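In: Pasted the sequence and its predicted model underneath.
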Amino acid sequence: MTQPLLIAFDGPAASGKGTLASVIAADYGLPFLDTGLLYRAVGHVARERGLDLEDTQALGEAAQFIHPTLLEDDALRGREAGEWASRVAAIPEVRAALKQFQIDFAHQTSGAVLDGRDIGTVIAPDATVKLFVTADPETRAKRRFLQLIKANSALTFEDVLSDIRIRDERDSSRSSAPLEMARDAVLLDTTNLDIEAAIEAARSIVKARRGGV
Ligand SMILES: Nc1ncnc2c1ncn2[C@@H]1O[C@H](COP(=O)(O)OP(=O)(O)OP(=O)(O)O)[C@@H](O)[C@H]1O
Ligand SMILES: Nc1ccn([C@@H]2O[C@H](COP(=O)(O)O)[C@@H](O)[C@H]2O)c(=O)n1
């Protein structure tokens, strides 16, 4: 029997991995999970309830109650939600509480596509195809700035670049499931690729890893 197709996209903020992952999921008719939204939802709850970031037990408990319906909240897409997400994501109790949901999503019989920071390394080390999507910080900041400026006209490019650098450092240096490329992942640098070119590159990688199909 053939194994379900499981595709892992990891990489730093605004590298384009979510855009690519959703297109590849649609190509193959697979369910898609943006795992960053889970951490954004925990950060949002923590902020709304005024939880102390030092109270790792309370944050871990809050994470246990994150439900997929909460992920549709537009507030999760904003700048502050990203910052809070990366803070709570460094807490082992939070990661532990969110882990099984992601593992189950990845290993459903239909196959799946997930994007995040630790999909190829922790959630689905057995993935059929792993892509590590990156781009230089200035390029990523420009993309994120163009996205966020629509809702916040006071935002500057320098603010966004600073956020990206801080988030890169925090995500890569934490002790629990840091952002790193899995040894068997394929690197896709989108710095000089527009969206269409990046999609074609991702499609080629997936096809090649599947033996040309
Ligand atoms: N190759 C590209 N060229 C130009 N813009 C791009 C490219 N890829 C993605 N974008 C745009 O950059 C923004 C960020 O992309 P996306 O949300 O896919 O990144 P991400 O890596 O999933 O980010 P995050 O991890 O922070 O959720 C979006 O507005 C998207 O349309
Ligand atoms: N698998 C993951 C996914 C996300 N994170 C953390 O959440 C932050 C927000 O993620 P986005 O992809 O929505 O930008 C991110 O900066 C990480 O700190 C994670 O740790 N693991």
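Out: Perfect, thanks for sending it. Ligands and ions are numbered 1, 2, ... in the order given.

In: and this protein, which residues reach ligand 1?
Out: 11, 13-19, 36, 115, 143-144, 147, 190, 193-195, 198 (CB under 6 Å from any ligand atom). The way it works is simple: take the backbone N, C-alpha and C, and place the C-beta from them, glycine included.

In: can you rerun that using 5 Å?
Out: Proximity of the chain to ligand 1 (CB under 5 Å from any ligand atom) is limited to residues 13-19, 36, 143, 147, 190, 193-195, 198.

In: Any of the residues you listed buried? List them.
Out: If you count burial by 16 or more other CB atoms under 10 Å, the buried members of the residues of the chain next to ligand 1 come out as Ala13, Ala14, Ser15, Gly16, Lys17, Gly18, Thr19, Gly36, Arg143, Thr190, Leu193, Ala198.

In: On the three-state scheme, the closest residue to the third one other than its chain neighbours is what?
Out: Excluding its sequence neighbours, the residue lying closest to Ser15 (CB to CB, 6 or more residues apart in numbering) is Val133, at 4.6 Å. Taken by DSSP: H, G, I helix; E, B strand; the rest coil, the conformation at Val133 corresponds to strand.

In: give me the beta-bridge partners of Val133?
Out: Note on Val133: beta-bridge partners by DSSP bridges are Leu188.

In: Burial check on it, number of neighbours?
Out: Number of residues near Val133 (other CB atoms under 10 Å) recorded here: 26.

In: one step back: tell me which two in the residues of the chain next to ligand 1 are the farthest apart.
Out: The distance between the two most remote of the residues of the chain next to ligand 1 (CB to CB) is 22.6 Å, for Gly36 and Asp194.

In: Could you give me the buried positions within the top helix by length along the chain?
Out: Secondary structure of the chain per DSSP state H: the longest helix is helix 157-173. Buried residues in helix 157-173, counted by 16+ other CB under 10 Å: Val160, Leu161, Asp163, Ile164, Arg167, Asp168, Arg170, Asp171.

In: List just the nearest of those to Thr2.
Out: Within the buried residues of helix 157-173, proximity to Thr2 (CB to CB) peaks at Asp171, which comes in at 34.2 Å.

In: Check Ala41 and give its pLDDT.
Out: For Ala41, the pLDDT comes out at 97.

In: Look at it and give its secondary structure.
Out: Secondary structure assignment for Ala41 (three-state DSSP): helix.
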